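Engineer: please find the sequence and the predicted model below.
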Amino acid sequence: MTHVVDVTMENAQAQLIDESFKRPVVIDFWADWCAPCKALMPILEGLAADYNGAFLLAKVNADSENHIAAQFGVRSLPTVVLMKDGQPVDGFAGSK
C-alpha cells in the first residue's frame, strides 16, 4: 500500500476522492519556492511512514497543478486538507 503519492490532474479523482472512501487522505499543497512547504513536507512524509498506510499523503504542487489547488480554494502555501468519504473535513494553512 502506498503511503505518499504525487497528484496530477490525471490521478486526482482516484487519489483524492476515491481513495478517501477507503482511508483518510491528507493533501499537502506546496510549491518549490515555498520555504515553509519544504519544512512541513518531511514531517508529513514521516507521519505517513510511521502510520504505515493508515492515511494517504497526497502531495499537490500548487504551481504545476493549479487547477486542483483552485478547486480546493487554496489561497496560501502550505495548505493541508484532510479528505474523508469524498469531502474535505478539516485543514490548515501555514506551517505552524
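Structural biologist: That came through, no problem.
Engineer: not counting residues beside it along the chain, what's closest to N11?
Structural biologist: Closest residue to N11 apart from its sequence neighbours, by Cβ to Cβ, 6 or more residues apart in numbering: V5 at 7.4 Å. Quick note: C-beta positions are derived from backbone N, CA and C, even for glycine.
Engineer: so where is this protein shaky, pLDDT-wise?
Structural biologist: For the chain, the stretches flagged by pLDDT under 70 are 1, 96.
Engineer: and for E19, the neighbour number?
Structural biologist: As a burial measure, E19 scores 20 neighbours (other Cβ atoms under 10 Å).
Engineer: that one and C34, how far apart?
Structural biologist: In this view, E19 and C34 are 25 Å apart by Cβ to Cβ, to the nearest Å.
Engineer: partner strands of the helix or strand harbouring the residue nearest to N11 and their direction?
Structural biologist: If you go by DSSP states H and E, V5 is part of strand 4-6. With DSSP bridges as the test, strand 4-6 is paired with strand 56-61 (parallel).
Engineer: which residues of the protein fall in strands?
Structural biologist: 4-6, 25-30, 56-61, 79-84, 87-93 (DSSP state E).
Engineer: list the residues that contact the residue nearest to S95 when sequence neighbours are not counted.
Structural biologist: Distance criterion Cβ to Cβ, 6+ apart; nearest residue to S95, sequence neighbours excluded, is P36 at 3.8 Å. Counting by Cβ atoms under 8 Å, 6 or more residues apart in numbering, P36 touches L77, P78, G94, S95.
Engineer: can you pick the most crowded of those residues?
Structural biologist: P78 (23 neighbours).
Engineer: count of neighbours near the residue nearest to it when sequence neighbours are not counted?
Structural biologist: Closest residue to P78 apart from its sequence neighbours, by Cβ to Cβ, 6+ apart: C37 at 4.3 Å. The tally of other residues near C37 (other Cβ under 10 Å) stands at 20.
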